[in-house]
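Asks: attaching a predicted model along with its sequence, questions to come.
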Amino acid sequence: PGRAAGLREVALPDAAAQNGKEAGYFLVEDGGTFRQVRLRGDSRVWEWPGVYEQLVRTLLRGNAPGALSHMLDRQLRAAGKSAADLRVIDLGAGNGWMGEELASLGIPMVIGIDSVNAAVLAAERDHPDVYQSYLLLDMRRLSEAQRDDLMNYDFNCLVCVDALAADEPAPNAFTEAFNLLAPDGWVAFHLNAETAEGGRDSRFARTVHRMIQSGAMNVATQQRYRHRFTTYGAPLFHVGVIARKVRDFEP
């Protein structure tokens, strides 16, 4: 279990009982007793201060935001580009951990987007002043007015990182955000390594493959990294991808 001063205690279920399958929940101390909280889709992950980062950073030793930020930084330098010129859409921004990493690269404009209200409030609490705006939006269901508003930001970088994910984002949210980018815009995202290496199927991987095959996106680099550990203690690998937009993708 891990706990910082004044925060709730967080623990993982007994590893031996999981039989090599990730538990769908973790344990959080609440009123003197440990409660099961789902890893995905439970707003208390965001509402309880410190719980998300204790879970992902401390117990699961997740490092996706750091890994993807370093990859993006290296590619920018290799291309002779400055982070100071980026206008980033941080898709599925959660509590702002990724935004903090991007700001530390010297990126002046990061706009957070998430479809969960509790995540928006968590970012204001956990990583204030990182985002120029943080928008509560479902990218899968944008109105024309919302799309026009987003176009006004003139984004040239899309980052889509989920430090807790075992899997990948909704493909149509990703392609919608991708199409907001200016040509030559940068894209940073990750795929489960098994999916990336062809060992299993995912809608997101199929979409990424079509984006590359159609010539909408060029991959600059990809790198396998340790995304986090599973709830039963095995390393979970993902493949980080840095790409450039060529043109809009029409699914």
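Replies: Arrived safely, thanks for sending. Numbering: from 1, shown residues only.
Asks: need the strands for the stretch 101-250 of the chain, in chain order.
Replies: Applying DSSP state E, counting those that start in this stretch to the stretch 101-250 of the chain gives strands spanning 109-114, 133-136, 157-160, 186-192, 217-229, 235-245.
Asks: in a markdown table: those strands, plus distance to A103.
Replies: All C-beta spots, glycine's among them, are computed from the backbone N, C-alpha and C. Formatted as a markdown table, those follow (distance: least, C-beta to C-beta, whole Å):
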| stretch | distance to A103 |
| --- | --- |
| strand 109-114 | 6 |
| strand 133-136 | 13 |
| strand 157-160 | 12 |
| strand 186-192 | 15 |
| strand 217-229 | 21 |
| strand 235-245 | 18 |
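Asks: how about those, which one is nearest Y25?
Replies: In terms of C-beta to C-beta, the element of the strands of the stretch 101-250 of the chain nearest to Y25 is strand 217-229, at 15.8 Å.
Asks: what comes up buried for that closest one?
Replies: 217, 220, 225, 227-228 (16 or more other C-beta atoms under 10 Å).
Asks: closest to S133 among the residues you listed?
Replies: For those, the nearest to S133 is M217 (25.5 Å; C-beta to C-beta).
Asks: bridging residues for D90?
Replies: D90 forms beta bridges with G112, V159, as assigned by DSSP bridges.
Asks: what about it, how many residues close to it?
Replies: Counted with other C-beta atoms under 10 Å, the neighbours of D90 add up to 29.
Asks: confirm for me that it is in contact with E100.
Replies: No: taking C-beta atoms under 8 Å as the definition, D90 is not a contact partner of E100, at 10.3 Å.
Asks: re earlier: just send the strands of the stretch 101-250 of the chain back as a markdown table, with distance to R8 and mean pLDDT too.
Replies: Below are these laid out as a markdown table (distance: least, C-beta to C-beta, whole Å; pLDDT from 0 to 100):
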| stretch | distance to R8 | mean pLDDT |
| --- | --- | --- |
| strand 109-114 | 22 | 97 |
| strand 133-136 | 24 | 96 |
| strand 157-160 | 29 | 98 |
| strand 186-192 | 29 | 95 |
| strand 217-229 | 20 | 96 |
| strand 235-245 | 24 | 96 |
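Asks: next up, the contacts around L181.
Replies: By C-beta atoms under 8 Å, 6 or more residues apart in numbering, the contact set of L181 is 89, 155-158, 187, 245.
Asks: who does the nearest residue to it once chain neighbours are set aside bridge with?
Replies: Spatial nearest neighbour of L181, chain neighbours left out: K245 (4.7 Å); criterion: C-beta to C-beta, 6 or more residues apart in numbering. Counting by DSSP bridges, K245 is bridged to M217.
Asks: what is the neighbour count of K245?
Replies: Using other C-beta under 10 Å, K245 has 24 neighbouring residues.
Asks: which residues does it contact?
Replies: Contacts of K245 (C-beta under 8 Å, 6+ apart): 178, 181-187, 216-217.
Asks: ok, now with 6 Å
Replies: 181, 185, 217 (C-beta atoms under 6 Å, 6 or more residues apart in numbering).
Asks: over to A78?
Replies: With contact set as C-beta under 6 Å, 6+ apart, A78 has no partners.
Asks: verify the stated contact: M109 with L86.
Replies: No: counting by C-beta atoms under 6 Å, M109 sits too far from L86 to count as a contact (7.3 Å).
Asks: out of the contacts of K245, who's nearest L76?
Replies: G185 (12.2 Å).
Asks: and the closest one, how far from L191?
Replies: Distance from G185 to L191, counting by C-beta to C-beta, to the nearest Å: 19 Å.
Asks: which stretches of the stretch 1-150 of the chain have low pLDDT?
Replies: When residues are selected by pLDDT under 70, those of the stretch 1-150 of the chain lie in 1-6.
Asks: what's the closest of the strands of the stretch 101-250 of the chain to L12?
Replies: strand 217-229 (9.3 Å).
Asks: so how far is the closest one off the chain centroid?
Replies: Offset of strand 217-229 from its chain centre (C-alpha atoms, centre = their mean, to the nearest Å): 13 Å.
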